[in-house]
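Trainee: Compute the structure for the input listed below.
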Amino acid sequence: MNDQASVGAPPVAEEVLLARAYLSRVAEPPAPALARLVAEVGPVEAAQRVHDGRVSEPVAGETGARRLVRRGAADLAAAAAAGARLLTPEHADWPEWPFAAFAISGQRELAPPLALWARGPGMLAGLCEQAVAVVGARAATGYGGHMAGELSGGLADRGFCVVSGAAIGIDGAAHRGALAVEGPTVAVLACGVDRAYPAAHQALLERIATSGLVVSEYPPGCVPGRHRFLVRNRLIAGMAAGTLVVEAGLRSGAQRTAADAAALGRLVMAVPGPVTSGMSAGCHRLVRDGALLVTRTEEVLEAVGRLGLDLADPPVSGGERPTDGLGPVAALVHDALPARAHRETRWLAMEAGVPIGAVRVALVDLERRGLVEHCDGRWRRLDGVRHD
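Mentor: Below is the predicted model:
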């Protein structure tokens, strides 16, 4: 079948979809040799050569175990039954420019995807135009979950898509933060899009599929495997302009995503945490190695947003104090005044170490500001708020 998501775009040929679906199952990602063959001869010819065994040794090594498994039509039907579709590089909704970095990375583990299975109404190419990957530890702390939700909600509220892996912990908090403001979010799975993994996030994945996208390299029915989580991390990094790590151990999947992002030429950002927290040790290591330290949505936007437009305002300092703007002499006289007692001008001159004439001038300024009050020849400090 040919489920075309991009309105007005020319449909992808049925034989191309069948070939891409076959290749999606026949090779375990990443498959750099197969990707090069497809780029050279096209998916239809490549699929035929793979099935016939007329391929080079590197391609045979990636496809030999499954080359006779022809389930393209069945996989397309299973995807349709689950409300999903197959996206291919021939599709108008393929994120061509973001994914171009895979082909030029020169690293085997960063080979481009041959196709993507997608469930949901979101348009992947459009979502990738303004996207930030938010990843982190599964065993997240309350602080980490709060920061992931706040930052993701702030990004989504400003039109940025939040990309993550739907895992327990930081990933889930990131998706929920985006959904809370009805913003765009994409979940990249390490299994078929017809499966809910983790099972505890079944409702969350359904919510994402209702408004955004659930995406996977793996055909319908594929089960999650430990190596597949590491492989899918390159897609999370590749879909976004930058990767934000909220919490991570020194050895973690989030660290792998950050490494993939750096290898793809994407910005890596990290949220600091307590130096005593093992869940923030990976973030602190990233910052030491050159990642951008961020603490607010505005700082993330400044890093990945429009040049010269999405600039972060300085942090709010907590408001002006009544003594802001005092000259040096007035500040000395004000500091010399005790909190509750009244003092004469001569005493203030001695305490502040300022000539008595300068003290009188300073007291006039302080009285005008509502910081002191004259009473029976003595002066006392006020709270700085006028009551007249």
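
Trainee: Ala263 versus Thr345, what's the distance?
Mentor: 71 Å (Cβ to Cβ, to the nearest Å). Yep, even glycine has a C-beta here, placed from its N, CA and C like the rest.

Trainee: now swap in Asp52 and tell me
Mentor: The value you get for Asp52 to Ala263, if Cβ to Cβ is used, is 35 Å.

Trainee: the more surrounded of the two?
Mentor: Neighbours were counted for Asp52 and for Ala263 using other Cβ atoms under 10 Å; Ala263 has more, 17 against 9.

Trainee: Strands along the stretch 201-350 of the chain, start to end?
Mentor: 213-216, 242-245, 267-270, 292-293 (DSSP state E, counting those that start in this stretch).

Trainee: For the shortest one, give me every contacting residue.
Mentor: By that I understand strand 292-293. 267-272, 287, 299, 303 (Cβ atoms under 8 Å, 6 or more residues apart in numbering).

Trainee: With respect to Arg234, which of those residues is nearest?
Mentor: Val268 (13.8 Å; Cβ to Cβ).

Trainee: nearest residue to that closest one other than its sequence neighbours?
Mentor: Ala291 (4.4 Å; Cβ to Cβ, 6 or more residues apart in numbering).

Trainee: So the one you found versus Met350, what's the distance?
Mentor: From Ala291 to Met350 the distance is 55 Å (Cβ to Cβ).

Trainee: Between these two, which is the more surrounded one?
Mentor: Applying other Cβ under 10 Å to Ala291 and Met350 shows that Ala291 carries more neighbours, namely 23 against 13.

Trainee: Residue ranges in the stretch 151-300 of the chain under the pLDDT threshold?
Mentor: For the stretch 151-300 of the chain, no stretch has pLDDT under 70.

Trainee: Three-state assignment for His374, please.
Mentor: At His374, secondary structure determined by DSSP: H, G, I helix; E, B strand; the rest coil is strand.

Trainee: can you pull the pLDDT of it?
Mentor: Here the pLDDT value assigned to His374 is 84.

Trainee: my guess is Ile66 meets Tyr22, correct?
Mentor: Residue 66: Arg, not Ile. No - contact between Arg66 and Tyr22 fails when scored by Cβ atoms under 8 Å: they sit 9.6 Å apart.

Trainee: So between these two, which is more surrounded?
Mentor: Legend: neighbour count by other Cβ under 10 Å for Arg66 and Tyr22, higher for Tyr22 (28 against 15).

Trainee: who are the neighbours in contact with that one?
Mentor: With Cβ under 8 Å, 6+ apart, Tyr22 has these contacts: 47, 50-51, 70-72.

Trainee: do that again at 10 Å, thanks
Mentor: Contacts for Tyr22 were tallied using Cβ atoms under 10 Å, 6 or more residues apart in numbering; they are 43-44, 46-48, 50-51, 66-67, 69-73, 75, 114-115, 219.

Trainee: From Ala47, how far out is it?
Mentor: For Tyr22, the distance to Ala47 (Cβ to Cβ) stands at 5 Å.

Trainee: overlap in contacts of the two?
Mentor: 67, 70, 72.

Trainee: doesn't Val26 make contact with the first one?
Mentor: The reference is to Arg67. Yes - applying Cβ atoms under 10 Å, one finds Arg67 in contact with Val26, separated by 5.8 Å.

Trainee: who touches Cys222 in this structure?
Mentor: Taking Cβ under 10 Å, 6+ apart, we find Cys222 in contact with 24-25, 28, 75, 117, 189-195, 216, 228.

Trainee: nearest to Ser152, of these?
Mentor: For the contacts of Cys222, the nearest to Ser152 is Leu189 (18.1 Å; Cβ to Cβ).

Trainee: so how far is Val214 from that closest one?
Mentor: The gap separating Leu189 from Val214 is 6 Å, by Cβ to Cβ.

Trainee: Between the two, which contacts overlap?
Mentor: Common contacts of Leu189 and Val214, defined by Cβ under 10 Å, 6+ apart, comprise 117, 119, 166, 195-196, 205.

Trainee: Restricted to helices, list these.
Mentor: Leu205 (DSSP state H).

Trainee: Looking at the shared contacts of Leu189 and Val214, which is nearest Leu366?
Mentor: Scanning the shared contacts of Leu189 and Val214 for proximity to Leu366, where the rule is Cβ to Cβ, the winner is Ala166, at 60.5 Å.

Trainee: isn't the closest one right up against Leu205?
Mentor: Yes - using Cβ under 10 Å, Ala166 is in contact with Leu205, at 6.0 Å.

Trainee: Mutual contacts of those two, please.
Mentor: Jointly contacting Ala166 and Leu205 under the rule Cβ under 10 Å, 6+ apart are 172, 175, 187, 189, 196-198, 214.

Trainee: mind checking the longest helix of the chain?
Mentor: helix 142-157.

Trainee: helices or strands up against it?
Mentor: Counting contacts by 3 or more Cβ pairs under 10 Å, 6 or more residues apart in numbering; DSSP states H and E, helix 142-157 is packed against strand 131-135, strand 161-164, helix 170-180, strand 185-189, strand 242-245, helix 297-304.

Trainee: TSV for these, including distance to Gln255 and mean neighbour count?
Mentor: As requested, the helices and strands packed on helix 142-157 are exported to TSV (distance: least, Cβ to Cβ, whole Å; neighbours: other Cβ atoms under 10 Å):
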stretch	distance to Gln255	mean neighbour count
strand 131-135	9	31
strand 161-164	15	30
helix 170-180	13	26
strand 185-189	17	28
strand 242-245	8	30
helix 297-304	19	20
